[in-house]
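*Asks:* coords below, sequence missing:
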C-alpha cells in the first residue's frame, strides 16, 4: 500500500492539517441535519480525505465498505434512448461518482441518479440517517446544462438525498449551485504543515529523517501534500538511510519541460521549433495535461527572463491557454506559444545586443 | 415525495412564504396577484429578476392559493431546468397538458378558476427552438391554460413569448427588508446575531435572500447559535480584504516576482478567482490615488479575463495576466508590448 493511502486519516479526529475545518464539520453532522456541501481547493490539499472522514463520522464504519460497480442507465431522451455506462463507488449509505466521465451526456447522469436515489429512500429508524449521500467529483468539469439541472434537483430531493460536491476551482461552478451549498474552502497545506505530516509518517515508518530533509521535500512539493508524501516514499526506495544532502528527484516530466525551456532559450529558429514539437508530443502522449505543460513551461521561462519581458510572456501564456480551452488540439496552441515566445525573445535580443 | 422531516429541511424551504402577500419587497407584483386571487382572472406571466428575490416562491404561492392542495396536482404542471424540456417535451407533454379543459367552481374555500397553470422555471435555459414551439400553443389553449415563465435574464426569452406575457421585474431586496426577514428567522431558530454581523450578511449576499439564508444556516450549523461577522465571511467564500489588498499592493510595487508570489498564494489558498476579480474590481474603483485612465485599463483587462474564465481557462494564468496588466497600468508602463511584431 502506498503511504499516501496508508496514512490517510480515517476519522475527523485524526486529521492533522485542516483541524479547524474537521472540527467544524464534526459539529455540523452531530446534529441530525446536514446541508449540501461544496468542497473546493487545489489538488493535494485533502478534500477527499475530509469527505471520506466526514462520511465515516455520519454513518459509522459502514461507509468504508465500498464496492465498485459498473452501472448502466437507460435514459429516455425523447425519440431515442441513450445507454450510459459509468463506474460508481458505493456503500449502503453513499454513492460516489465522477459525472464528468460521461462527457457531454453528463446531465442525464445527474438527473437520473439523483432521482433514483431519492426513490430508494432509506427507512428512518433510530440512529440511522434518513438520507443518502451522493458524492460528485470534479463538478467544475460538468457541463453548463448538467449544472443547471442540478440546481432544482438539489432542492426538490433535499429530504432524501444530500450532495457533497468536490472541485478544484469554484469559479467554474455556477452561482446557482454554489448558493445552494455550504461552501468549504480547503486551502493547500503550508510548508510547515507538510513538514509536520512528513515527520509523522517518518516516525510511524521508523525512519531517521535528517534535519532539514523534510523541509526540502516540502519546498519542492508545491504545497501539495500528496506529492510530498509520494516523493518521501520515492526517496526511501532510492536510498536509505537518508544522507543529509540527498537529492530529491524531480518528476521526470518536469525535468523534460526544463529541457524544453532551455532549448528554446538557446536557439530561436524553425528547426528548433520542430524539435520542440517532438518533445511536446512526447509529453502529451504520456498523458501530461496540456495546461500543466504550458504552466510549467511558463514557470521555467519566467525564471530566466528579464522583468520587462515577463509581462509580455505571461500575457501570451494566458492567451494561448484560453485558446487551447476553446479549441480541440492542444499541440497547436502550445506550439503557437513557443513560436510567439521565440519571436519575442529574438526581438528582445536584437534590440539589446544589436 | 415522502413527507419531509421538519428539522432536516433547508431553511430556504422551511421559510419559503406560503402566501403571495408574504412575499417581501415586490409590491407591484403582490398587488396584481392579490387582485388575481380575488377575481380569479390572470394573464400569462413572466417573472424576471436576479436570483433569490422570490420569483419561484411567488409562482408556487399563487398556484397553491388558487387551487388548494387537492386540485394542485391536477391543475399545475411545474417544469424546471432539471426536467428535460427539449422541443419534444413542449410538443407532447406541455401540449397535452395544456389541451385538457377543466371546469370551474369553488372547492374548499379556494377560487379554483377554470384554467390550469404551467410553471416553466428557469425558462432562460430553454432552447430557442423549444421556446418557438410554445408560441402557438400558448395562444391556442389560452382559454384553459396560463403560462408562468420564470427567468433571470429576460433577454434570453424570445421576443414573441415575452410579448404574450405580463412582465414583472423582481427587484433585488434592500438591506432593510432583508434584515427583517433574517431577524425573523433568527428569532424562530433561536439565533443570536449582532448588528455588525447582520450588515455583513446583507452586504455579502448582495440582495439575494436565498443566499443570505443559506449562509446563515451554514454558519449556524458550523458555529452554533451565536454568529459573528467573521463566521459569516468564512462560510460565504468571500475573500478576506487583506488578501485582495496584498495582491493590489504587490502590483503597485512594480515587482513582477512579488506579484507572481501573491498570485501563487491566492491559488494555493483555494480562493475562487472569479470572486477575486470582483473584489479586486471594488478595490480598483475605490482607489483614490489612481487616475481614471489607469482604472480603465485595469477594468478592461478584468472584463476580458472574466470572459476567459467563463470559457474555462486556467485560473492561475488568467490571474497572473490580470496582475501583470494591473502592474503595468499602475506603474505607467506602455500599454503595447515592445517586442511584439
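*Replies:* Thanks, I have it. Worth saying up front: this structure is predicted, and the values here are computed from it rather than measured. Numbers count the residues shown, from 1 in each chain, chains lettered A, B, ... in the order given.

*Asks:* break down the stretch 51-200 of chain B into its strands, ranges please.
*Replies:* Ranges of strands within the stretch 51-200 of chain B are B:76-79, B:116-120, B:145-151, B:166-169, B:192-193, based on DSSP state E, counting those that start in this stretch.

*Asks:* quick one, the second one and strand B:145-151 angle?
*Replies:* Regarding strand B:116-120 and strand B:145-151, their directions subtend 20 degrees when assessed with axes from the mean of the first three to the mean of the last three Cα atoms, to 10 degrees.

*Asks:* can you pull out the helices in the stretch 1-150 of chain B?
*Replies:* B:11-14, B:27-39, B:55-75, B:87-89, B:95-99, B:128-140 (DSSP state H, counting those that start in this stretch).

*Asks:* now residue A:334: closest residue in space, sequence neighbours ignored.
*Replies:* Computed as Cβ to Cβ, 6 or more residues apart in numbering or on different chains, the closest residue to residue A:334 that is not its neighbour in sequence is residue A:280, at 5.4 Å. Quick note: C-beta positions are derived from backbone N, CA and C, even for glycine.

*Asks:* need the winner for burial among the helices of the stretch 1-150 of chain B.
*Replies:* helix B:55-75 (a mean of 19; mean count of other Cβ atoms under 10 Å in any protein chain shown).

*Asks:* skip the chain neighbours and tell me the closest residue to the residue positioned nearest the centre of chain B.
*Replies:* Centroid check for chain B by Cα atoms, centre = their mean gives residue B:51 as the closest residue, at 1.9 Å. Nearest in space to residue B:51, with sequence neighbours left out and distances taken as Cβ to Cβ, 6+ apart, is residue B:208 at 5.5 Å.

*Asks:* could you do residue B:337 as well?
*Replies:* residue A:312 (4.5 Å).

*Asks:* if I look at that neighbour, how far off is residue B:242?
*Replies:* 30 Å (Cβ to Cβ, to the nearest Å).

*Asks:* the two - which one has more neighbours?
*Replies:* It is residue A:312, of residue A:312 and residue B:242, that has more neighbours when counted by other Cβ atoms under 10 Å in any protein chain shown, with 23 against 8.

*Asks:* what helices or strands is the host helix or strand of that one leaning on?
*Replies:* Using DSSP states H and E, residue A:312 sits within helix A:307-326. Judged by 3 or more Cβ pairs under 8 Å, 6 or more residues apart in numbering or on different chains; DSSP states H and E, the packing partners of helix A:307-326 are helix A:290-304, helix A:330-353, helix B:256-268, helix B:292-310, helix B:315-330.

*Asks:* give the buried residues for the longest one.
*Replies:* It stands for helix A:330-353. A:330, A:333-335, A:337-342, A:344-345, A:347-348 (16 or more other Cβ atoms under 10 Å in any protein chain shown).

*Asks:* does the residue nearest to residue B:51 really touch residue B:172, like I thought?
*Replies:* Yes: with contact defined as Cβ atoms under 8 Å, residue B:208 reaches residue B:172; the gap is 7.4 Å.

*Asks:* now list whatever residues contact both of the two.
*Replies:* Listed as contacting both residue B:208 and residue B:172 by Cβ atoms under 8 Å, 6 or more residues apart in numbering or on different chains are B:50, B:53.

*Asks:* residue A:42 belongs to a strand, doesn't it?
*Replies:* No: per DSSP: H, G, I helix; E, B strand; the rest coil, residue A:42 lies outside any strand segment and is coil.

*Asks:* what's the helix or strand for the nearest residue to it once chain neighbours are set aside?
*Replies:* Residue nearest to residue A:42 in three dimensions, not counting chain neighbours: residue A:188, with 4.9 Å by Cβ to Cβ, 6+ apart. Per DSSP H and E, residue A:188 falls between elements, in no helix or strand.

*Asks:* residues near residue A:188, how many?
*Replies:* By other Cβ under 10 Å, 25 other residues sit near residue A:188.

*Asks:* and what of residue A:255?
*Replies:* Around residue A:255 sit 11 other residues, with neighbours defined as other Cβ under 10 Å.

*Asks:* per-residue confidence at it?
*Replies:* pLDDT recorded at residue A:255 is 90.
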